[in-house]
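A.B. asks: pasting the structure only:
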């Protein structure tokens with residue numbers, strides 16, 4: 001199996017990241033699973049605590065090979081769409097039969113749909129330097145109607161970049177969102193990497 005995890009946190013731009021994940025798609029599930037990847041389960045279970053109707057559509061942003069979609073399905077979410085900018089990752093996700101729809105995204109048009117289409121949104125393991133900057137949080141929140149929920153994670157590397165939590169705190173402090181849940185816990189325990197899980201509600 002091709003080992004690539006050690007290089008995943010050294011990526012510094014979107015094009016390099018896309019090529020890296022296209023190359024990793026074939027061995028991604030096995031490598032992250034053997035390192036105990038638990039953040040998708042933590043995110044899905046945290047979101048489920050606050051969702052009244054899990055049959056409403058949710059978008060799994062940066063769905064990769066579908067590990068996050070599987071966690072959402074197991075937590076009770078019934079209508080899941082997925083998007084990612086790696087075509088190779090999406091092909092793996094499509095094979096799992098978890099998603100109602102999947103679509104490829106790009107930096108020029110990352111969310112090619114109208115705001116309010118999805119009741120809730122997830123970005124699990126997506127917000128990282130080199131993957132998606134802190135401003136992505138603003139773009140995602142703009143896609144929700146009031147009352148919509150957004151679950152996301154920041155691993156320990158992302159937490160070192162203070163712009164992510166600063167942007168989160170700005171949404172809360174200005175009254176555009178309420179922080180329902182924040183908890184630090186394991187991310188990839190075999191390499192001693194943790195993550196924060198958050199649930200935000202659009203106000």
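C.D. replies: All right, it came through fine. Computed from a prediction, not measured in an experiment: that's the story for all the values here.

A.B. asks: can you give me the helices in the chain?
C.D. replies: 14-34, 39-48, 67-74, 87-95, 135-141, 156-159, 163-173 (DSSP state H).

A.B. asks: tilt between the second one and helix 14-34?
C.D. replies: On the basis of axes from the mean of the first three to the mean of the last three Cα atoms, to 10 degrees, helix 39-48 is oriented at 90 degrees to helix 14-34.

A.B. asks: neighbouring contacts of helix 39-48?
C.D. replies: Helix 39-48 is contacted by residues 54, 67-68, 70-72, 74-77, 120, 122, 124-125, 149, 151-153, 155, 181, 183, 185-187, 195, 197, 199 when judged by Cβ atoms under 8 Å, 6 or more residues apart in numbering. In this view, the C-beta of every residue, glycine as well, is placed from N, C-alpha and C.

A.B. asks: where does the chain dip in pLDDT?
C.D. replies: Scanning the chain with the threshold set as pLDDT under 70 gives 1-2, 107-108.

A.B. asks: so residue 85 makes contact with residue 15?
C.D. replies: No - in terms of Cβ atoms under 8 Å, residue 85 does not count as a neighbour of residue 15; the distance is 9.8 Å.

A.B. asks: So which of the two has more stuff around it?
C.D. replies: Set side by side, residue 85 and residue 15 show more neighbours around residue 85, with 20 against 10, by other Cβ atoms under 10 Å.

A.B. asks: Within its sheet, name the partner strands of the top strand by length along the chain and how each one runs.
C.D. replies: Identified as the longest strand of the chain according to DSSP state E is strand 177-188. Sheet pairing of strand 177-188 (DSSP bridges) gives strand 193-202 (antiparallel).

A.B. asks: So which bits of the strand it pairs with are buried?
C.D. replies: 193, 194, 195, 196, 197, 198, 199, 200, 201, 202 (16 or more other Cβ atoms under 10 Å).
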